[in-house]
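> Build me a structure from this.
(one chain, ligands or ions: 1)
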Amino acid sequence: MALTGLQIYKLLPQTNCKECGYPTCLAFAMKLAAKQVALDLCPYASDEAKETLGAASVPPIRKVVIGKKDHKVTLGEEVVLFRHDKTFYHATALALGIGDDLPEDRFGNAVQSISNASYERAGETIAVSMIALLDKSADTANYAAKAKYIAENCPLPIALVSEDPERAGAAAEAIADAGGLLCGAKTDTASAFAEIAKRNKLPIVLRAKSLEELGSLAEKVASEGVKDILLDPGLSSQADILNHQTQIRRMALERQVEGFGYPSVLSIPEDKDPYQAALTASLGIAKYAGVVILPNWETWQLLPMLTLRQNIYTDPQKPLQVEAGNYTVGEPDQNSPVYVTTNFSLTYFMLSSEIDASGEPGYIVIVDAEGMSVLTAWSAGKFGGEQVGKFIKECGIADKIAHRRVIIPGYVAVIKGDVEDSLPGWEVIVGPQEASDLPAFVKEVWLEMKI
Ligand code: SF4
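Just a heads-up that it's a prediction; the model follows:
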């Protein structure tokens, strides 16, 4: 039977020394109860605690870290099937492929392109996670040299995609300082790959013909001393991928089947057309793949996939937020418009980009609404006329402008009267409902008003 946080707490030293990374033993106990951490983070756990908690304290999906540099990738430790039940912890790592047979200049350019593939969205940087080195040349010295080149010229972890133990082993030694991932072990080569994994302290991806074989293979490789394992069901059709990725997750979380308690991998077949490849990769991001390997890729595929990943791996209980306060877009002056909205990140970034597009600098007053969007915040009682009026009075925006006008979002036109009641002497203007209509609003309404 699962132990509660309090029951686990009673087994801990209760000294609150913080060495586990948590401020108190109780906080650590709660994490243990949720199976989000392992007991070995506490160096002072007694033998009794270890015996009692034992496997019960181990997250059902093992944490696996790939790479040793700043950009290392952490996978696993997931505890729910559905994001809305809690959250997903470690985002899918997107690995883009490069063939080792590319001429040197093209190879170098491709490494740089992948290293630089990142975008700013909703105040965060979303980026490609890994480089997948594809064994195309079948030349051991060349494969190892290309792996070494990536390790020396790119901060991202390297996935060594080779089914040949000799070439994979040579490349693994070449990237010893950077770390990476061995991708290519099958049932008949798993033991050879396991030796390479142990020698070089690398996680290993296992592939088998069926789920049953994959689970057994994982148990066998684990018994040979390799703990950091990833599971690749190796399928092509989207229906099969969805089915098997889901089954792996279910068997880990619901039935706690030993051979399935690892992150999974989705390898996109090389011959998929680019649209199908992007769709299939998105399926993997949405449904449980820890790593998606895209051997052939085009730049246009990246932003939609990374955006999807950002949306899925945002904690639904902690929406992306910006701090409450006054913000500027461009260089506004005392006659510039003042927009008011909530502190939901996406709302703020969409509004600021449309203000920028309008060509008319402006101020944005961000009201703390616990990260909710405008309509949600209003219906939850966090963005009413009184709150908006009170914050406008306190935030100091009145010192920056000569006029006394504030523009509220069109979706909450209903709060206009209450804002006016809270802000005597101010004119409250109802703006457009959609941020995309703001440039037209500025031209047709704001610029037509006399300051
Ligand atoms: Fe408590 Fe152990 Fe964490 Fe120290 S390391 S705070 S004793 S759980």
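> Let me know whether residue 192 touches residue 164 as I believe.
No - assessed by CB atoms under 8 Å, residue 192 is found out of contact with residue 164, at 9.6 Å. Quick note: C-beta positions are derived from backbone N, CA and C, even for glycine.
> part of a helix, is residue 252?
Yes - the assignment for residue 252 is a helix, going by DSSP: H, G, I helix; E, B strand; the rest coil.
> Tell me how many other residues crowd it.
27 (other CB atoms under 10 Å).
> Residue 427 too?
For residue 427, using other CB under 10 Å, the count is 12.
> That one: what's its closest spatial neighbour, skipping adjacent residues?
Among residues not flanking residue 427 along the chain, residue 405 sits closest, at 4.7 Å (CB to CB, 6 or more residues apart in numbering).
> Quick check: phi and psi at the most centrally placed residue in the chain.
The C-alpha lying nearest the average C-alpha coordinate of the chain belongs to residue 91 (CA atoms, centre = their mean; 3.6 Å). Phi and psi for residue 91, reported as degrees, to the nearest 10, are phi -70, psi 150.
> Roughly how far does the residue lying closest to residue 413 once chain neighbours are set aside sit from residue 414?
Closest residue in space to residue 413, ignoring its immediate chain neighbours: residue 430 at 4.5 Å, by CB to CB, 6+ apart. For residue 430, the distance to residue 414 equals 10 Å [CB to CB, to the nearest Å].
> who has more neighbours, those two?
Shown here are residue 430 and residue 414; by other CB under 10 Å, residue 430 has more neighbours (17 against 12).
> Correct me if wrong: the more buried one contacts residue 408.
Yes - under the criterion of CB under 8 Å, residue 430 makes contact with residue 408 at 6.0 Å.
> Please enumerate the shared neighbours of these two.
Among the neighbours of residue 430, those also in contact with residue 408 (CB atoms under 8 Å, 6 or more residues apart in numbering) are residue 416.
> What helices and strands are in contact with the helix or strand encompassing residue 441?
Here residue 441, judged by DSSP states H and E, is contained in helix 438-441. Applying 3 or more CB pairs under 8 Å, 6 or more residues apart in numbering; DSSP states H and E, one finds that helix 438-441 contacts helix 345-358.
> Identify each buried residue in the helix it packs on, please.
Going by neighbour count (16 or more other CB atoms under 10 Å), the buried part of helix 345-358 is 345-352, 354-355, 358.
> Now the stretch 201-350 of the chain against the ligand: closest residue?
Nearest to the ligand in the stretch 201-350 of the chain, going by CB to the nearest ligand atom, is residue 227, at a distance of 22.0 Å.
> so who does that residue touch?
By CB under 8 Å, 6+ apart, the residues touching residue 227 are residue 62.
> got a pLDDT number for it?
Note for residue 227: predicted pLDDT of 92.
> cool, and the one 10 residues further on?
Predicted confidence (pLDDT) at residue 237: the value is 91.
> Relative to the whole chain's centre, how far out is the helix or strand residue 216 falls within?
Per DSSP H and E: residue 216 is located in helix 211-223. Its chain's C-alpha centre and that of helix 211-223 lie 28 Å apart, by CA atoms, centre = their mean, to the nearest Å.
> For it, give me every contacting residue.
Contacts of helix 211-223 with the rest of the structure, by CB under 8 Å, 6+ apart, involve 185, 187, 190-191, 194, 204, 206-208, 229, 231-233, 244, 247-248, 251, 257-260, 262.
> Among the residues you listed, which ones are in strands?
Those of the contacts of helix 211-223 mapping onto strands are 185, 204, 206-207, 229, 231-232, per DSSP state E.
> most neighbours, which of those residues?
With neighbours taken as other CB under 10 Å, the top of these is residue 206, carrying 31 neighbours.
> For that one, give the beta-bridge partners.
Counting by DSSP bridges, residue 206 forms beta bridges with residue 185, residue 231.
> who touches it in this structure?
Residues near residue 206 by CB under 8 Å, 6+ apart: 185-186, 190, 214, 217-218, 221, 229-232.
> give me the subset of the residues you listed touching the ligand.
Applying CB under 6 Å from any ligand atom, the subset of these adjacent to the ligand is empty.
> Got phi/psi on residue 32?
phi -60, psi -40.
> Numbering from 557 from now on, please.
Yes, from this point I'll number from 557; that puts the last item at residue 588.
> Run a quick neighbour tally on it.
Residues within reach of residue 588, counting by other CB under 10 Å, total 29.
> how about it, what does it touch?
Neighbours of residue 588 in contact, by CB under 8 Å, 6+ apart: 561, 564, 595, 609, 613.
> Could you measure from it over to residue 828?
On the measure of CB to CB, residue 588 and residue 828 end up 42 Å apart.
> now residue 755
In this view, residue 755 and residue 828 are 34 Å apart by CB to CB.
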